[in-house]
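quick check, what structure comes out for this input:
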Amino acid sequence: MVKGKGPSRYAKKSGDAISIPGPKAATTKLITAKTRRGRRIQEARAPKAVEDTKKSLVLYGNKISQVLKDVLTDFHKIKKTESVKYTRRNENVRPFEAGGETSLEFYCRKGVCGLFALGAHSKKRPHNLTLGRMYDGHLYDAVELGVEEFQSISSFGNKATGAYIGNKPALLFVGEKFESVVALKQLRSTLLDYFRGEQVSQINLAGFDRVIVVTALSETSVLLRQYVIKMKKSGTKLPRIELEEMGPRLDFSVRRHRVPPPDVQKEACIVAKVGKKTEKNVEYDMLDGRVGRIYMPAQKVDTIALSKPKGTKRDRHAATNERKAKAQAAGTASGGRGGPDGPGEKKGPKAGGAAKKAARGKGAAAGRLGGDPKGRAPKKSKMMRAAEDV
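Now for the predicted structure:
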């Protein structure tokens, strides 16, 4: 026991050792919708083969400077229709500390946001801007940037009037550091997700009105510029393109970054197969075109019922006729049942049967013509006999 204090409620009775229970194991709670509206909300939040446009959450940290407020305001303007902004300060949002992402994950789930931009200011890290992404309701990765220099969109006057809300910008990354430095690789991926907007297969060049240029000067220094595209007359079918800076103008210094776990990264990068399934054992050749490969089991030719040729049928018919002729000749020679003149022929029954059939046929014909079926003369009625007597 601790000297000078009473017994702890976690102390065992058998000794002085203190046993403090650890945290309970996290359990996954399955939430089931009870109303139609709840089911519609769950279906909208469920994974899809083609995901919806990612929304961004803009929020403040514990302390924030006016520079960061202007930066976050411009970021919110760029993604006006796909952004949610919180203006209150949040003390517990610290993505790079253990347990500091809990409140951030709650806010993102509440607003259905897959991206976030967090602004915080301190003496150790002044004008600190954090950009990050969410996956499956949890923090995926984050990059911390320090704002060294900033000019807002409003400081450039009416230059931004040439760009319209909802149009997709072109993103240009300059510098080989984006391919070799891990933090800059992650920054490029995050900026692409943040500014690309809705995924489309085609785009109208008439709505192509701005371009965002990101330049890596060194491993820790990055410049971000946004230009409006002006299409002017050139005397030909193709217009002359001019770029005019519209803001914001940002100079960043790269600070901390948080990478996702390898297993989570592998799961998040899986792309669903949409469209026509690939055909197995089918190849395309430059000369033959589409070529297929067929696998067949071993063929047992001895037991397969094949079609017999006509020559085989003729031989079989000739053998049958020869066998019948031999049987007839053998019957004639023995004097039994054989030829038509043999003593064993029975003419009476056959002739009598033929006569009966002929008579029966004549009777039936007579019956059909109105006479008696047995060939007798039809009976005369009383009127016919009276007419004959007259």
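
okay, which residue is most central for this structure?
Geometric centre of the chain, nearest residue: V274, 3.7 Å, by C-alpha atoms, centre = their mean.

distance of the closest residue to that one other than its chain neighbours from A272?
Leaving out its chain neighbours, the residue that sits closest to V274 by C-beta to C-beta, 6 or more residues apart in numbering is A49, at 5.0 Å. Quick note: C-beta positions are derived from backbone N, CA and C, even for glycine. Separation of A49 from A272 (C-beta to C-beta, to the nearest Å) stands at 4 Å.

got it, and A183?
Counting by C-beta to C-beta, the gap from A183 to A272 is 30 Å.

settle it for me: which of the two has more neighbours?
A183 (19 against 9; other C-beta atoms under 10 Å).

if I look at that one, what pLDDT would I see?
The confidence metric pLDDT takes the value 94 at A183.

any idea which element it lies in?
Under the criterion of DSSP states H and E, A183 resides in helix 182-195.

got the buried residues for that helix?
Within helix 182-195, the residues that count as buried by 16 or more other C-beta atoms under 10 Å are A183, L184, Q186, L187, R188, T190, L191, Y194, F195.

and stretch 54-74, by the same measure?
54-61, 64-65, 67-68, 70-72, 74.

inside strands: which ones of the residues you listed?
Among the buried residues of stretch 54-74, the ones falling in strands (DSSP state E) are S56, L57, V58, L59, Y60.

what sits against the nearest residue in space to the last one that is not next to it in sequence?
So the one you mean is Y60. In this structure, Y60 finds its nearest non-sequential neighbour in R89, 5.1 Å apart by C-beta to C-beta, 6+ apart. Contacts for R89 (C-beta atoms under 8 Å, 6 or more residues apart in numbering) come out as Y60, G61, N62, K63, I64.

go on, D70?
F150, S152.

what's the spacing between it and I64?
11 Å.

so for I229, what pLDDT did the model give?
Per the predicted model, pLDDT is 91 at I229.

am I right that it is in a strand?
Yes. Under DSSP: H, G, I helix; E, B strand; the rest coil, I229 falls within a strand.

count of neighbours near H317?
10.

element containing it, please.
helix 310-334.

this protein: helices as residue ranges?
Counting by DSSP state H, the chain has these helices, from start to end: 36-45, 66-78, 102-111, 177-180, 182-195, 262-268, 310-334, 347-369, 382-389.

other SSEs contacting the longest one?
Helix 310-334 is packed against no helix or strand, with contacts defined by 3 or more C-beta pairs under 8 Å, 6 or more residues apart in numbering; DSSP states H and E.

mind checking how far it is from the chain centre?
Between the centre of helix 310-334 and the centre of its chain there are 72 Å (C-alpha atoms, centre = their mean, to the nearest Å).

now do stretch 236-255
Distance of stretch 236-255 from the chain centroid (C-alpha atoms, centre = their mean) equals 36 Å.

endpoints of that stretch, how far apart?
Using C-alpha to C-alpha, to the nearest Å, one end of stretch 236-255 lies 48 Å from the other.

next one: stretch 174-186
End to end - C-alpha to C-alpha - stretch 174-186 spans 15 Å.

measure Q226 to G235 for me?
Q226 is 29 Å from G235, by C-beta to C-beta.

mind checking which of those two has more residues around it?
Using other C-beta under 10 Å, the more surrounded residue of Q226 and G235 is Q226, with 25 against 6.

what's the distance between that one and A98?
For Q226 relative to A98 (C-beta to C-beta), the value is 36 Å.

do F116 as well
F116 is 18 Å from A98, by C-beta to C-beta.

who's more crowded, the two?
Neighbour count, other C-beta under 10 Å: between F116 and A98, F116 has more, with 26 against 6.

these two touch, right, that one and Y140?
No. Taking contacts as C-beta atoms under 8 Å, F116 lies outside contact range of Y140: 10.5 Å.

what's the local residue count around the closest residue to Y164 other than its chain neighbours?
Excluding its sequence neighbours, the residue lying closest to Y164 (C-beta to C-beta, 6+ apart) is D209, at 6.3 Å. By the measure other C-beta under 10 Å, the count of residues near D209 is 19.

let's number from 11 now, not from 1
Noted, 11 is the first residue going forward, which turns the last one into D219.

returning to what we had before: thought the residue nearest to the centre of the chain was touching V60?
Yes. Using C-beta under 8 Å, V284 is in contact with V60, at 6.8 Å.

hang on, the earlier thing: for the residue nearest to Y174, give me its contacts.
Contacts of D219 by C-beta under 8 Å, 6+ apart are G172, A173, Y174, N177, V238, I239.

let's see 10 Å
With contact set as C-beta atoms under 10 Å, 6 or more residues apart in numbering, D219 has these partners: 172-174, 177-180, 237-241, 256.

would you write a PyMOL line that selects the buried entries of the residues you listed?
Filtering the contacts of D219 down to the buried ones (16+ other C-beta under 10 Å) takes a single PyMOL command:
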select buried, resi 173+178+179+237+238+239+256
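
now, the most widely separated pair of the contacts of D219?
Greatest spatial distance among the contacts of D219 (C-beta to C-beta): K178 and K240, at 17.5 Å.
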